[in-house]
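K.L.:
show me how the following folds:
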Amino acid sequence: NTLNTSLGYKTWDVTGMVQAWVDNAASNYGVMLNSDAVAAANSYRFFASSEASTAAQRPCLVVTYSY
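P.N.:
You can find the predicted model right below:
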């Protein structure tokens, strides 16, 4: 996905990807966030894992469903 270059948190709608996993579990290769290899050194990209010492920096998954 292409992201805007403004500072701040980013979000992605992964509904289609997750539905594909439900439909065919073998297609579940997970999600990988990767920084732009050609970005300037001051591009302020930062990714934290679920083990980050600062809880506010850890990624979160928000599930919204309807029936």
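K.L.:
let me see the ranges of the helices in the protein.
P.N.:
15-23 (DSSP state H).
K.L.:
and the gap between the most far-flung residue of it relative to its centre and Arg58?
P.N.:
No residue in the chain sits farther from the centre than Tyr67, which is 25.3 Å out by C-alpha atoms, centre = their mean. The gap separating Tyr67 from Arg58 is 29 Å, by C-beta to C-beta, to the nearest Å. All C-beta atoms are positioned from the backbone trio N, CA, C, and that covers glycine.
K.L.:
and if you look at Ala52?
P.N.:
Applying C-beta to C-beta to Ala52 and Arg58 gives a distance of 5 Å.
K.L.:
find residues that contact each of the two.
P.N.:
Among the neighbours of Ala52, none is also in contact with Arg58 (C-beta atoms under 8 Å, 6 or more residues apart in numbering).
K.L.:
next, count neighbours for Val38.
P.N.:
For Val38, the count of nearby residues is 6 (other C-beta atoms under 10 Å).
K.L.:
and for the one 10 residues further on?
P.N.:
Applying the criterion other C-beta under 10 Å, we find 13 residues in the vicinity of Ala48.
K.L.:
what does Ala25 give?
P.N.:
With other C-beta under 10 Å as criterion, Ala25 counts 8.
K.L.:
before we move on, what about Gln19?
P.N.:
The burial count for Gln19: 10, using other C-beta under 10 Å.
K.L.:
just the pLDDT at it, thanks.
P.N.:
At Gln19, the pLDDT value in this model is 89.
K.L.:
gap between it and Thr11?
P.N.:
18 Å.
K.L.:
coming back round to it: for the residue farthest from the centre of the chain, give its distance to Thr15.
P.N.:
15 Å.
K.L.:
Cys60 now?
P.N.:
Distance from Cys60 to Thr15, by C-beta to C-beta: 16 Å.
K.L.:
okay, these two: which has more neighbours?
P.N.:
Thr15 (10 against 7).
K.L.:
ok, Val18 - how many residues close by?
P.N.:
14.
K.L.:
check the spatially closest residue to Ala20 that is not a sequence neighbour and give its pLDDT.
P.N.:
Of all residues not flanking Ala20 in the chain, Ser27 sits nearest, at 5.3 Å (C-beta to C-beta, 6 or more residues apart in numbering). Per-residue pLDDT puts Ser27 at 84.
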